[in-house]
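Engineer: Structure for the following, please:
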Amino acid sequence: MKDRLRQIIQYKTNGRQRPFAAMMGWLPQYLHNLLIGETFGLKAVVTILEKLPEIDARWLILGQGEMIDKGAVADMRNQLYDVVDDIMAIERFIPIMEASEIEQLRDSLAQRKRMDIDLDTLSRWENKLSEREIEIRRKVIRAQRKSEELCKQKKAKK
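Structural biologist: Next up is the predicted model:
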């Protein structure tokens, strides 16, 4: 099992033991003891599997199969897509958000968590965005009419 642990350390931290120990919440001495084959028990296995869900448990415990669980990776990828979808749904409202709402969005992004948006806020944003789009269309139509008028004016005589 210690050899598989070395492979995981190589995979996650390019073989650097101290950053790996920190990632797992372990003291470097504890990791050292695991790597020399001492005290490798269920607690260490559970910690690895909790912190690194892409590691295949069967591989870690029995040495069978591949290190990376393709199903877990697919699940993580789907979760990432969901987060990106959420971000893209909110992104279109940024131009009409109030300063406090932008600050709330910044905080959520910094903490890597979902921004809580109630239905009233979402409805208000939708209305503001709709009003903004209507105003932009009006401006475009006015600009097109003005352009057409300018094109229709007679050319000056020489």
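Engineer: Mind checking the pLDDT average for stretch 129-139?
Structural biologist: Model confidence over stretch 129-139, given as mean pLDDT, is 95.
Engineer: Run the chain-centre distance for that stretch.
Structural biologist: Computed by C-alpha atoms, centre = their mean, to the nearest Å, the chain-centroid distance of stretch 129-139 equals 31 Å.
Engineer: Can you dump the C-alpha atoms of that stretch in PDB for me?
Structural biologist: This file holds the C-alpha atoms of stretch 129-139, laid out as PDB (Å, rounded to 0.1, in the frame of the first residue of the first chain):
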ATOM      1  CA  LEU A 129     -32.200  43.200 -18.300                       C
ATOM      2  CA  SER A 130     -35.400  43.200 -20.400                       C
ATOM      3  CA  GLU A 131     -35.700  47.000 -20.100                       C
ATOM      4  CA  ARG A 132     -32.000  47.500 -21.000                       C
ATOM      5  CA  GLU A 133     -32.400  45.300 -24.100                       C
ATOM      6  CA  ILE A 134     -35.500  47.300 -25.200                       C
ATOM      7  CA  GLU A 135     -33.600  50.500 -24.800                       C
ATOM      8  CA  ILE A 136     -30.700  49.200 -26.800                       C
ATOM      9  CA  ARG A 137     -33.100  48.100 -29.600                       C
ATOM     10  CA  ARG A 138     -34.700  51.600 -29.600                       C
ATOM     11  CA  LYS A 139     -31.300  53.200 -30.000                       C
END
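Engineer: in that stretch, what's buried?
Structural biologist: Buried residues in stretch 129-139, counting neighbours by 16 or more other C-beta atoms under 10 Å, are absent. The way it works is simple: take the backbone N, C-alpha and C, and place the C-beta from them, glycine included.
Engineer: now swap in stretch 37-45 and tell me
Structural biologist: Result for stretch 37-45 [16+ other C-beta under 10 Å]: buried residues 44-45.
Engineer: Now the terminal residues of that stretch, how far apart.
Structural biologist: One end of stretch 37-45 to the other measures 13 Å (C-alpha to C-alpha, to the nearest Å).
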